[in-house]
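give me coordinates for this.
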Amino acid sequence: MASLRRYQRYAEELTGMIRRGDLPPGARLPSVREASRTRRISPATVFEAFYLLQARGLIESRPRSGFYVRHVPAVAPPRAVAAPRSRHVAVSELVFEVLAATRRPGVVPLGSAFPGADLFPLPQLARALSAGMRRLEPANIVADLPPGNERLRRQIALRYELSGTHVAPEEIVITNGALEALTLALQVVTRPGDAVIVESPCFYAALQALERLRLKAVEIPCDPRQGVDLAALRGALKRHDLKACWLMPSFQNPTGASMPEPNRRELVRMLAARDVPLIEDDVYAELYYGRHPPRPAKSFDTRGLVMHCGSFSKCLAPGYRVGWVAAGRHAQAITRAKIMTTLSTAVPSQQALAEYLAHGGYERHLRRLRRILARQHEIAARLFARHFPAGTRFSSPEGGYFLWAELPGGIDTLQLHRHALEQGINIAPGAIFSATVPFRHCLRLNYGHPRNTTFEPAVRTIGELIKLAA
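This next block holds a predicted model:
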């Protein structure tokens, strides 16, 4: 967000004090009256800050006593154990079962991979489509074949420059969404039987891509706050003959984790030392809540080994199916692979987005979208903390629209998913996010549908189902 509200600033200050140890576990926070007087903010603002910290699991309220730092301030679920060996992947049947549920009419989409459609400037995009097609020269229908519309690629290159990353338009290849970009990147650097690093838990489509290409997964633990475990990655690089690394350093799906900048720099250095390409899945890059976007790993790449994949589907134009890959040294190979598979991304979609990026107020839309999602995260965190049973632990993302939850008591979230469907609610069970299935007691929850009046009743129902299953 361009600026934080007063209660958010106070909450961030207290969060820093808790994590540094200035406010140790068990410490009592200033009273609402005291904080209001010393900070010169209203009691309502203090309460909002305390409620936000409570939702994050950092503090707790004690009746007639006040607010105290929790003895277990870390609310993130524990990391997975690194897989000792590579293994073939077989998750598609389970993924298809879960995805089929998202298409049922009237289902509350807590398991959806997309935010609410009303968050996007669809009328403005329609006008951009009309204007773009009026300007389209007949010759450009052929010229917009891979690597794609030149005007759009220049606009995307400009977005990189604004974030401090230099990417030449010539290395950008337009694709049918980010998933095609990611899959093409994987395809050009591997052969069947090769081993590829993925996070654990990870985006289920990455596992499906490995399964389809007959590749082996080497799963590296992903901490819900710090991202991929670099020590485990270093060990995997020594033990395995790895051909690629598919990671999501920013607002990872499903955990919401973001790697600190020094870790990103070290990640790129480690992989470059062994000449291992990094496929960087960065589809949530624009959905950060803070003042500045995290720098992509691509920005530290000096050898063209990082293939940075993005999309407009999560931040601007779902359904237009326009993504891209800034492919570095692999740009020509990906362009040829694109021609041999789907040939071209739809020309009207490319024209519409090029027009909108040039004249449509993209930054204004993004500022509004970030504000909405950040506020919805706060609301969702409170609701989940209120309605889920004691002992449930949640991640605390700084962008995107997913929460990752670990349930107590060994509850099977695949069974929970099936029971929730009977109540008209879809969730994403943890089993679809790993080839080794160590996350059966976890689930991913989507809070990106802020105007949906069914959200709170659905959260309450899921909480009741969890309690019944315990």
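
am I right that residue 256 sits in a strand?
No. Assessed with DSSP: H, G, I helix; E, B strand; the rest coil, residue 256 is coil; it does not lie in a strand.

state the distance from it to residue 380.
12 Å (Cβ to Cβ, to the nearest Å). Backbone N, C-alpha and C define where each C-beta goes, glycine included.

which residues do those two both contact?
Common contacts of residue 256 and residue 380 (Cβ atoms under 8 Å, 6 or more residues apart in numbering): residue 403.

what's the helix or strand residue 245 falls within packed up against?
Per DSSP states H and E: residue 245 is located in strand 242-247. Counting contacts by 3 or more Cβ pairs under 8 Å, 6 or more residues apart in numbering; DSSP states H and E, strand 242-247 is packed against helix 177-189, strand 195-200, strand 278-281.

helix or strand right after that strand?
Using DSSP H and E, the helix or strand that follows strand 242-247 in sequence is helix 261-273.

what is the mean pLDDT for that next one?
For helix 261-273, mean pLDDT rounds to 97.

ok, back up a step: could you dump the helices and strands packed on strand 242-247 to a markdown table with mean neighbour count, distance to residue 358 and mean pLDDT?
Output for those, formatted as a markdown table (neighbours: other Cβ atoms under 10 Å; distance: least, Cβ to Cβ, whole Å; pLDDT from 0 to 100):
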| stretch | mean neighbour count | distance to residue 358 | mean pLDDT |
| --- | --- | --- | --- |
| helix 177-189 | 24 | 21 | 97 |
| strand 195-200 | 26 | 36 | 96 |
| strand 278-281 | 27 | 26 | 98 |
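
using TSV, please lay out those together with distance to residue 302.
Output for the helices and strands packed on strand 242-247, formatted as TSV (distance: least, Cβ to Cβ, whole Å):
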stretch	distance to residue 302
helix 177-189	18
strand 195-200	21
strand 278-281	13
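
among those, which is nearest residue 33?
The stretch from those with the least distance to residue 33 (Cβ to Cβ) is strand 195-200; that distance is 45.5 Å.

for the closest one, what is the distance to the chain centroid?
When distances are taken as Cα atoms, centre = their mean, to the nearest Å, strand 195-200 is centred 17 Å away from the chain's centroid.

what helices and strands are in contact with it?
When contacts are defined as 3+ Cβ pairs under 8 Å, 6+ apart, strand 195-200 sits against helix 204-212, strand 216-223, strand 242-247.

out of those, which comes closest to residue 233?
Among the helices and strands packed on strand 195-200, if distance is taken as Cβ to Cβ, the winner is strand 216-223, at 5.1 Å.

so the closest one versus helix 204-212, what angle?
Put simply, strand 216-223 runs at 160 degrees to helix 204-212, going by axes from the mean of the first three to the mean of the last three Cα atoms, to 10 degrees.

who does the helix or strand just after strand 216-223 pair up with?
Where DSSP H and E defines the elements, the next helix or strand beyond strand 216-223 is strand 227-228. Paired with strand 227-228 in the same sheet, following DSSP bridges, are strand 216-223 (antiparallel).

and residue 326, backbone torsions?
Note on residue 326: its backbone torsions stand at phi -90, psi 100 [degrees, to the nearest 10].

who's it bridged to?
On the basis of DSSP bridges, residue 326 is bridged to residue 172, residue 308.

quick check: it touching residue 160?
Yes. Using Cβ atoms under 8 Å, residue 326 is in contact with residue 160, at 7.0 Å.

returning to that earlier point: looking at the helices and strands packed on strand 195-200, which is closest to residue 8?
Taking Cβ to Cβ, strand 216-223 is the member of the helices and strands packed on strand 195-200 nearest to residue 8, at 24.0 Å.

could you give the angle of that closest one to strand 242-247?
Inter-element angle recorded for strand 216-223 and strand 242-247: 40 degrees (by the same axes, to 10 degrees).

can you give the distance of strand 216-223 from its chain's centre?
Counting by Cα atoms, centre = their mean, strand 216-223 is centred 17 Å from the centre of its parent chain.

double-check that residue 385 belongs to a strand.
No. Assignment of residue 385 by three-state DSSP gives helix, placing it outside any strand.

what's the burial count for it?
The local packing of residue 385 (other Cβ atoms under 10 Å) involves 17 other residues.

secondary structure class for the closest residue to residue 35 other than its chain neighbours?
The shortest distance from residue 35 to any non-neighbouring residue, by Cβ to Cβ, 6 or more residues apart in numbering, is to residue 46 (4.6 Å). Secondary structure, three-state DSSP: residue 46 is helix.

residues in contact with residue 46?
Applying Cβ under 8 Å, 6+ apart to residue 46 gives the contacts 7, 10, 32, 35, 36, 39.

just the residues you listed: which are in helices?
Using DSSP state H, the subset of these located in helices is 7, 10, 32, 35, 36, 39.

and which of the residues you listed is nearest residue 405?
Nearest to residue 405 among the ones in helices among the contacts of residue 46 is residue 7, at 24.5 Å by Cβ to Cβ.

distance of the closest one from residue 46?
Taken as Cβ to Cβ, the span from residue 7 to residue 46 is 8 Å.

residue 60 reaches residue 70, doesn't it?
Yes. Using Cβ under 8 Å, residue 60 is in contact with residue 70, at 5.2 Å.

more neighbours: which of those two?
Neighbours per residue (other Cβ under 10 Å) separate residue 60 from residue 70, with residue 70 holding more: 18 against 12.

quick check, pLDDT for that one.
Confidence at residue 70, expressed as pLDDT, is 76.

one more: residue 450?
Note for residue 450: predicted pLDDT of 81.

assumed it was part of a strand.
No. In this structure, residue 450 is coil, not part of a strand, as judged by three-state DSSP.

excluding chain neighbours, what is closest to residue 465?
Distances taken as Cβ to Cβ, 6+ apart place residue 419 nearest to residue 465, at 5.4 Å, with adjacent residues excluded.

what's the pLDDT at the one you found?
We have a pLDDT of 95 for residue 419.

kindly report the same for the one 3 residues further on.
Note on residue 422: pLDDT of 94.

ditto for residue 3
On pLDDT, residue 3 comes in at 51.

kindly report the same for residue 456.
Residue 456 is assigned a predicted lDDT (pLDDT) of 92.
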